[in-house]
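Participant: I'll drop the sequence and a predicted model, then ask my questions.
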Amino acid sequence: MTQRGKSTITGHGTNKQGNHWCTRDYGSCGTGFHYSNTDDSYYYKNPDGSTVHVDKFGQKTLTTPDGRVIKLQK
(Lines give C-alpha, C1' and ligand atoms only; values in the text may rest on other atoms or scores of the structure.)
Protein backbone atom coordinates (compact mmCIF):
# COMPACT_ATOMS: atom_id res chain seq x y z
CA MET A 1 0.00 0.00 0.00
CA THR A 2 1.32 3.46 -0.82
CA GLN A 3 0.57 6.84 0.63
CA ARG A 4 -1.65 7.58 -2.36
CA GLY A 5 -3.35 4.23 -2.05
CA LYS A 6 -6.41 3.25 -0.10
CA SER A 7 -6.75 4.31 3.48
CA THR A 8 -9.13 3.70 6.35
CA ILE A 9 -10.61 6.56 8.34
CA THR A 10 -9.91 5.76 11.98
CA GLY A 11 -11.46 8.84 13.54
CA HIS A 12 -13.23 12.04 12.57
CA GLY A 13 -15.18 14.89 14.03
CA THR A 14 -16.02 18.56 14.08
CA ASN A 15 -14.98 20.95 16.81
CA LYS A 16 -17.02 23.80 18.35
CA GLN A 17 -15.76 26.22 15.70
CA GLY A 18 -17.06 23.97 12.90
CA ASN A 19 -13.62 22.80 11.78
CA HIS A 20 -13.39 19.20 10.56
CA TRP A 21 -10.64 16.69 11.32
CA CYS A 22 -9.99 13.08 10.44
CA THR A 23 -7.28 10.51 11.00
CA ARG A 24 -6.41 7.83 8.45
CA ASP A 25 -4.59 4.53 8.55
CA TYR A 26 -2.51 3.77 5.46
CA GLY A 27 -1.58 0.26 6.58
CA SER A 28 2.14 -0.47 6.54
CA CYS A 29 2.86 3.15 5.49
CA GLY A 30 1.56 4.55 8.79
CA THR A 31 -1.10 7.06 9.72
CA GLY A 32 -2.08 10.50 8.54
CA PHE A 33 -4.14 13.42 9.74
CA HIS A 34 -6.29 16.02 7.98
CA TYR A 35 -7.78 19.19 9.40
CA SER A 36 -9.97 21.56 7.38
CA ASN A 37 -11.11 24.90 8.71
CA THR A 38 -14.22 26.95 8.09
CA ASP A 39 -12.03 29.71 6.54
CA ASP A 40 -11.08 27.23 3.75
CA SER A 41 -7.57 26.64 5.09
CA TYR A 42 -6.44 23.07 5.65
CA TYR A 43 -3.57 20.96 6.97
CA TYR A 44 -2.37 17.45 6.20
CA LYS A 45 0.17 15.32 8.02
CA ASN A 46 1.26 12.42 5.83
CA PRO A 47 2.52 9.01 6.92
CA ASP A 48 6.09 9.92 5.92
CA GLY A 49 6.05 12.85 8.37
CA SER A 50 5.68 15.56 5.74
CA THR A 51 2.99 18.19 6.16
CA VAL A 52 1.03 20.40 3.81
CA HIS A 53 -0.66 23.59 4.98
CA VAL A 54 -2.84 25.73 2.74
CA ASP A 55 -3.91 29.01 4.25
CA LYS A 56 -7.21 30.76 3.60
CA PHE A 57 -5.61 32.69 0.73
CA GLY A 58 -4.46 29.52 -1.02
CA GLN A 59 -0.75 29.81 -0.11
CA LYS A 60 0.66 26.28 0.15
CA THR A 61 3.51 25.39 2.47
CA LEU A 62 5.12 21.95 2.38
CA THR A 63 7.34 20.69 5.19
CA THR A 64 9.42 17.68 4.18
CA PRO A 65 10.10 14.75 6.53
CA ASP A 66 13.58 16.17 7.21
CA GLY A 67 12.16 19.58 8.21
CA ARG A 68 12.74 21.66 5.07
CA VAL A 69 9.99 24.25 4.53
CA ILE A 70 8.96 24.93 0.94
CA LYS A 71 6.47 27.64 -0.02
CA LEU A 72 4.71 26.68 -3.23
CA GLN A 73 3.45 29.21 -5.72
CA LYS A 74 -0.30 29.58 -6.13
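Facilitator: Cool, the structure landed.
Participant: alpha carbons only for contacts and neighbour counts from here, please
Facilitator: Fine.
Participant: just list whatever residues bridge to the residue positioned nearest the centre of the chain.
Facilitator: The centroid of the chain falls nearest to residue 44 when counting by Cα atoms, centre = their mean (0.9 Å). In this structure, residue 44 bridges to residue 34, residue 52 when assessed by DSSP bridges.
Participant: so what's residue 69 closest to, chain neighbours aside?
Facilitator: Leaving aside its chain neighbours, residue 69 sits nearest to residue 63 (4.5 Å; criterion: Cα to Cα, 6 or more residues apart in numbering).
Participant: the residue sitting furthest away from the middle of the chain and residue 37: what is the separation?
Facilitator: Note on the chain: the largest separation between a C-alpha and the mean C-alpha position, by Cα atoms, centre = their mean, falls on residue 16 (19.9 Å). Here the criterion is Cα to Cα, to the nearest Å. By it, residue 16 lies 11 Å from residue 37.
Participant: which other residues reach stretch 46-59?
Facilitator: Residues from elsewhere that reach stretch 46-59 (Cα atoms under 8 Å, 6 or more residues apart in numbering): 3, 26, 29-33, 39-45, 60-65, 71-74.
Participant: also stretch 67-74?
Facilitator: Applying Cα under 8 Å, 6+ apart, the set of residues contacting stretch 67-74 from outside is 58-64.
Participant: burial measure for residue 6, as a count.
Facilitator: By the measure other Cα atoms under 10 Å, the count of residues near residue 6 is 12.
Participant: I'd say it and residue 26 touch.
Facilitator: Yes - counting by Cα atoms under 8 Å, residue 6 does reach residue 26; the two are 6.8 Å apart.
Participant: measure the residue farthest from the centre of the chain to residue 53 for me?
Facilitator: The gap separating residue 16 from residue 53 is 21 Å, by Cα to Cα.
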